[in-house]
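Visitor: have a look; sequence and predicted model below, questions after that.
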Amino acid sequence: MHVKETPHHSSLPRASVLVPLFERPSSSSSSSSSSSFSSSNSSSIHVLFTQRPSTLSSHPGEVCFPGGRQDPSDRSDDVLTALREAREEIGLSPDVVRIVARMEARESKHGLCVTPIVGWVDRPDDVEPGRLKVNDREVDVAFAVPLEVFAGGGSDGSSGSGSGSSSRNEDETKSYFWEEAEAENDTSKRTFRIWGLTARVACEVAEAALAAQS
């Protein structure tokens, strides 16, 4: 993926999100990826999302990437903002994240200049949702979706842990729905809606990843 320079939005508050990618091996494989966007035949690239608590006054219940507004301590560095927010929200150490791309910034519907930062986590255990120490004040749950779900113009995708589909509403904003079990060996399921800016970023990353693999 090519690094893109951030456009100048001097009048807007700045924010960053981390797009964590990792290779989730099958139960019969323990191999790891040596390339940013490569995966073995027995594994697939996944992207991590979070869902905000429904009790929050801002974006309640929305699916997003770990991230938030820039702090003075970030020294105007979008990467530092994304890494700090990921540590605060899901306990992901910056030491295990390899930054592979800084995507083009875009203005959110709430008037923020948001810069997505794509990070590769070499060791899947460091970012598996069930192993993360989420901050329950900011995150209700973390979950992972195969990156291929967002490729090919929204084609349906599935994996061993869930299933995905997509739809468009009247304003042509793509929505993706991911369904998975509430817990291991649990028959009850929950459905996550991934849409808006988060969905657009996931699609762009998926397209770049597939291009890198071809």
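Guide: Good, I have the coordinates.
Visitor: which stretches of the protein form helices?
Guide: 78-90, 196-213 (DSSP state H).
Visitor: rank those helices by pLDDT, which is bottom?
Guide: Note on those: lowest mean pLDDT is at helix 196-213, with a mean of 90.
Visitor: report the buried residues of it.
Guide: Neighbour-count burial for helix 196-213, counted by 16 or more other Cβ atoms under 10 Å, picks out 196-199, 201-210. For the C-beta atoms, the positions are set from N, CA and C on the backbone; glycine is no exception.
Visitor: next one: residue 141 from residue 61, what distance?
Guide: For residue 141, the distance to residue 61 equals 11 Å [Cβ to Cβ, to the nearest Å].
Visitor: and for these two, which residues touch both?
Guide: Common neighbours of residue 141 and residue 61, using Cβ atoms under 8 Å, 6 or more residues apart in numbering, are residue 51.
Visitor: the two: which is more packed in?
Guide: Ranked by neighbour count (other Cβ atoms under 10 Å), residue 141 and residue 61 place residue 141 first, with 17 against 13.
Visitor: give me the pLDDT for the residue nearest to the more buried one when sequence neighbours are not counted.
Guide: Sequence neighbours aside, residue 51 is the residue nearest to residue 141 in space, at 5.2 Å (criterion: Cβ to Cβ, 6 or more residues apart in numbering). What the model reports for residue 51 is a pLDDT of 97.
Visitor: how far away is residue 51 from residue 101?
Guide: Relative to residue 101, and taking Cβ to Cβ, residue 51 is found at 24 Å.
Visitor: hmm, residue 139 is touching residue 48, no?
Guide: No: using Cβ atoms under 8 Å, residue 139 is not in contact with residue 48; the gap is 11.1 Å.
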